[in-house]
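Trainee: Here's my sequence, what's the structure:
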Amino acid sequence: MTDTLDTVRTVLIESLDLTQRPEDLQESTALFGSLPELDSLGVLSLVTAIEERFDITIDDDEFDAELFETLGSLTQFVDSKLAAA
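Mentor: Numbers count the residues shown, from 1 in each chain. Predicted structure coming up:
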């Protein structure tokens, strides 16, 4: 998960143009509702970047608040998609 976590951090920072450094973002870092940049357009940008970086597809029915609750929940989701591929 560490490699995935590092990559998800990078994608998050790049796609939302965040000022945080990767080491500032921990698994417990709250995302949706806590990062002003992660609004509806930010979610679309982030999902598109994750799909491209990890070569996965995130279906519409997989979008929910829990997915974007924390960096850890998002990373676990990406790991599960990679394991299923």
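
Trainee: So V43, which state does it fall into?
Mentor: helix (DSSP: H, G, I helix; E, B strand; the rest coil).

Trainee: mind listing what the closest residue to it other than its chain neighbours touches?
Mentor: Across the structure, with C-beta to C-beta, 6 or more residues apart in numbering as the measure, the residue nearest V43 apart from its sequence neighbours is F68 (6.6 Å). The C-beta positions use only the backbone N, C-alpha and C, and glycine is treated the same way. F68 makes contact with L31, F32, L38, V43, L74 under the criterion C-beta atoms under 8 Å, 6 or more residues apart in numbering.

Trainee: which secondary structure element contains the residue nearest to the spatial centre of the chain?
Mentor: Residue closest to the mean C-alpha point of the chain, counted by C-alpha atoms, centre = their mean, is L74 at 4.8 Å. For L74, the host element (DSSP states H and E) is helix 71-84.

Trainee: quick one on the thing from earlier: quick one: the residue nearest to the centre of the chain from D64, how far?
Mentor: L74 sits 12 Å away from D64, going by C-beta to C-beta, to the nearest Å.

Trainee: Now the common contact residues for those two.
Mentor: Common neighbours of L74 and D64 are not found (criterion: C-beta under 8 Å, 6+ apart).
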